[in-house]
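Chemist: Provided below are the primary sequence and the corresponding predicted coordinates.
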Amino acid sequence: MIAKAYLRNITSSPIEDWDRYDKPSSTFILSDLPTSSLFPAHDMTVHRILVASYTPNISTLEFDPIAHKLKPIALSPAGTNPSWVAAHPTDPTLIAATNEVTDGKIHLFRLQKDGKLKLLESVGTDGEDPAHLTVLEDEIVVGNYSSGNLISVPVSTSVPYLGSVSASIQLSGSGPNESRQSSPHPHQIFAHKGQLFVPDLGSDRVVRYEKKGGEWVEVGDIKASQPGAGPRHMQIYDDVLYVVEELTNTLSAYSLSDGKYITSLSTLPSPPPHLTVSANTTGSSPTPSSAAPRGAPSALPLLAAELLLATSPEPLLFATNRNEAHPEGDTITVFSPIKDGNVESFKLVNSVRTGLNHARGAAFGGVGDKWLVVGGADKGGVKVFERDGKDLKPVASLPGVVAPTGFLWVS
C-alpha cells in the first residue's frame with residue numbers, strides 16, 4: 001500500500017497496444033509441469049508471470065529465457081485494483097488476489113492452460129484496502145491496510161473453495177507521522193515456521209502471531225528501528241529478521257529470537273542529506289539528520305518498497321526503491337546479510353538502476369532465482385533482469401504494462 005492519495009482505478013487495459021502482440025504459446029501445458037518443482041532443471045522453458053496492478057485486470061505475461069522476450073498473453077478481469085496475488089501452497093493453479101478498495105474483497109481463481117484466470121469465488125474482507133494476503137493450506141490471511149485489521153478466510157482446493165470470514169483481529173497503535181501513521185496499517189502477512197509476522201506501518205512494529213486453540217493470537221512484537229520508520233515488508237534469514245521501513249528508507253535487522261534491534265542501513269545507494277544511517281553494533285536506533293526532525297518523515301517521498309531474499313549461490317537481500325527522480329530510474333539495492341553474527345558483514349554490495357519509475361513490486365523466478373521481474377507503477381512497465389549473484393542485467397521489457405504492483409511466477 002502507498003499513500004492513499006496515490007491509489008488509482010485505471011479503467012482501461014493494463015497493457016497498452018494489446019492487439020499488436022502475438023497469441024499465447026501453444027506449447028505450454030499446465031499438466032506437463034514437473035511435480036517436484038514449478039521450474040525444470042535447465043531453465044529453457046518459457047515462463048509465465050501474473051501481474052497484479054492498479055487496473056481492473058490481472059495480466060499474464062510470457063517470458064522466453066532463451067530469446068529474452070517478454071509478451072502479454074492474457075487479461076483476466078479481477079475487480080478493482082487487484083494489487084496483490086498469491087498461489088495456494090499445495091495447488092499452484094489456485095490463485096488468490098486482493099481488491100485494494102474501500103469495500104475490500106478477495107477473489108480466488110483457477111489458472112487455465114491459456115494463461116487466463118477463471119473466477120471461482122469471492123468474499124469481502126470486512127475492512128478497507130486489503131494490500132496483502134498470504135495463502136496457507138487451509139486459510140487465507142488478509143491484511144486490510146486502511147482499517148488496520150487482519151482476517152482469516154477458510155480455503156479449500158475443492159468446492160466450496162472459500163468460506164466466510166472466520167476470524168478478525170483489530171490491530172492497535174499509531175506513530176508520529178500524522179499523515180501516514182494515525183492508525184494501524186498492516187502491510188504484509190509473512191508466514192514462518194507456523195507463525196505469522198505482520199509489519200505494521202502505522203504502529204511502527206512487526207506483530208507476531210501464533211495459533212492457539214485454532215485461533216491466531218498475538219505473542220509479541222518487534223519495535224521499529226525508530227519512531228516514524230514505517231515497517232513495510234520483511235524477510236528472515238539465519239535467525240535474523242530484516243525489515244524494509246518505508247518512511248525512513250531503511251533496511252533494519254532484528255534478532256528473531258528476542259526481537260532486539262541490531263542495526264540499519266539506508267535502502268538508497270546514496271542517502272539524501274535528510275537521512276544519515278550507518279551500520280552500528282550498539283543496538284541504538286538510526287537518527288535522521290537535523291534537516292528532517294525525528295518523527296517527521298512525511299516530507300520524504302515514497303521510497304523503500306519490496307524486500308526479496310535469494311539464497312543461491314550466496315544469501316543476498318534485494319530492496320526496491322521508488323520515486324528517486326533519477327534520469328535512469330529507480331534503484332534495486334543489494335545487501336549481504338549478517339553472517340555468523342558478524343554485523344559488519346551486513347552491507348550494501350550493489351545497486352542497479354532499473355529505468356522504472358515507482359519500482360514497487362518485484363519477484364524472483366526460475367532455477368536458483370535466476371530471473372527477477374520488476375514493475376514501474378508510474379512509468380516503465382515491466383522488466384526482467386538476469387541475476388548472477390549480486391549482479392543484475394536487464395534482458396527483457398514490456399513498457400506498455402500499466403501500473404504493475406506485484407508479480408507471481410506461475411511456471
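Modeler: On my side now, so go ahead.
Chemist: For Asn81, give its distance to Lys260.
Modeler: 37 Å (C-beta to C-beta, to the nearest Å). In short, each C-beta sits where N, CA and C put it, glycine included.
Chemist: do Leu111 as well
Modeler: 42 Å.
Chemist: So these two - more neighbours on which side?
Modeler: Leu111 (24 against 12; other C-beta atoms under 10 Å).
Chemist: Contact partners for Thr333?
Modeler: By C-beta atoms under 8 Å, 6 or more residues apart in numbering, Thr333 lies in contact with 267-269, 318-319, 321, 348, 350-351.
Chemist: which stretch of helix or strand covers it?
Modeler: strand 331-336 (DSSP states H and E).
Chemist: Can you give me the neighbour number for Thr45?
Modeler: Counted with other C-beta under 10 Å, residues neighbouring Thr45 total 18.
Chemist: so it makes contact with Trp409?
Modeler: No. Using C-beta atoms under 8 Å, Thr45 is not in contact with Trp409, being 11.7 Å away.
Chemist: C-alpha coordinates for stretch 97-112, CSV please?
Modeler: Output of stretch 97-112 as CSV, limited to C-alpha atoms (Å, rounded to 0.1, in the frame of the first residue of the first chain):
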residue,chain,number,x,y,z
ALA,A,97,-6.0,-11.8,-5.3
THR,A,98,-6.9,-8.7,-3.3
ASN,A,99,-9.1,-5.8,-4.4
GLU,A,100,-7.4,-2.8,-2.8
VAL,A,101,-10.5,-0.6,-2.4
THR,A,102,-12.6,0.8,0.5
ASP,A,103,-15.0,-2.1,0.3
GLY,A,104,-12.3,-4.7,0.3
LYS,A,105,-12.6,-8.1,-1.4
ILE,A,106,-10.5,-11.1,-2.2
HIS,A,107,-11.0,-13.4,-5.2
LEU,A,108,-10.0,-17.0,-5.8
PHE,A,109,-9.2,-18.0,-9.4
ARG,A,110,-8.2,-21.2,-11.3
LEU,A,111,-5.2,-20.7,-13.6
GLN,A,112,-6.1,-22.0,-17.1
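Chemist: and it, average pLDDT?
Modeler: Here stretch 97-112 scores 98 as its mean pLDDT.
Chemist: Ok, stretch 52-60 next?
Modeler: On average, stretch 52-60 scores 98.
Chemist: Between the two ends of that stretch, how far is it?
Modeler: 9 Å (C-alpha to C-alpha, to the nearest Å).
Chemist: related to what we said a few turns ago, then the strand holding Thr333 to PDB, C-alphas only?
Modeler: What follows is strand 331-336, C-alpha atoms only, in PDB (Å, rounded to 0.1, in the frame of the first residue of the first chain):
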ATOM      1  CA  THR A 331      17.200   1.500  -8.000                       C
ATOM      2  CA  ILE A 332      17.300  -2.000  -6.700                       C
ATOM      3  CA  THR A 333      19.900  -2.200  -3.900                       C
ATOM      4  CA  VAL A 334      21.600  -5.400  -3.000                       C
ATOM      5  CA  PHE A 335      22.800  -6.300   0.500                       C
ATOM      6  CA  SER A 336      24.800  -9.100   2.100                       C
END
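Chemist: Adjacent strands (with direction) for it?
Modeler: strand 316-320 (antiparallel), strand 347-353 (antiparallel) (DSSP bridges).
Chemist: Which of the ones you listed has the highest mean neighbour count?
Modeler: Among those, strand 316-320 has the highest mean neighbour count (mean count of other C-beta atoms under 10 Å), at a mean of 25.
Chemist: Check what contacts it and list those residues.
Modeler: 235, 237, 242, 244, 251, 267, 304-310, 330-337, 349, 359-362, 372, 374, 389-390.
Chemist: re earlier: what would the contacts of Thr333 look like in TSV with distance to Gly368?
Modeler: Output for the contacts of Thr333, formatted as TSV (distance: C-beta to C-beta, whole Å):
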residue	distance to Gly368
Thr267	24
Leu268	28
Pro269	25
Phe318	14
Ala319	20
Asn321	25
Leu348	22
Asn350	17
Ser351	22
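Chemist: If you count neighbours, what's buried in the helix or strand harbouring Gly376?
Modeler: Using DSSP H and E, the element containing Gly376 is strand 371-379. Across strand 371-379, burial judged by 16 or more other C-beta atoms under 10 Å covers 371-378.
Chemist: Repeat that for stretch 56-65.
Modeler: 56-65.
Chemist: same deal with stretch 164-181?
Modeler: Going by 16+ other C-beta under 10 Å, stretch 164-181 has these buried residues: 165, 169, 171, 173-177, 180-181.
Chemist: Now for the residues you listed: which two are most distant?
Modeler: Val165 and Pro176 (32.3 Å; C-beta to C-beta).
Chemist: List the residues that contact Leu196.
Modeler: Contacts for Leu196 were tallied using C-beta under 8 Å, 6+ apart; they are 134, 141, 189-190, 208-210, 216.
Chemist: could you flag which of those residues are buried?
Modeler: 134, 141, 189-190, 208-209, 216.
Chemist: Could you save the buried residues of strand 371-379 as JSON lines and add columns showing distance to Val155?
Modeler: Listed next are those as JSON lines, based on distance: C-beta to C-beta, whole Å:
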{"residue": "Trp371", "distance to Val155": "28"}
{"residue": "Leu372", "distance to Val155": "29"}
{"residue": "Val373", "distance to Val155": "26"}
{"residue": "Val374", "distance to Val155": "29"}
{"residue": "Gly375", "distance to Val155": "27"}
{"residue": "Gly376", "distance to Val155": "32"}
{"residue": "Ala377", "distance to Val155": "28"}
{"residue": "Asp378", "distance to Val155": "33"}
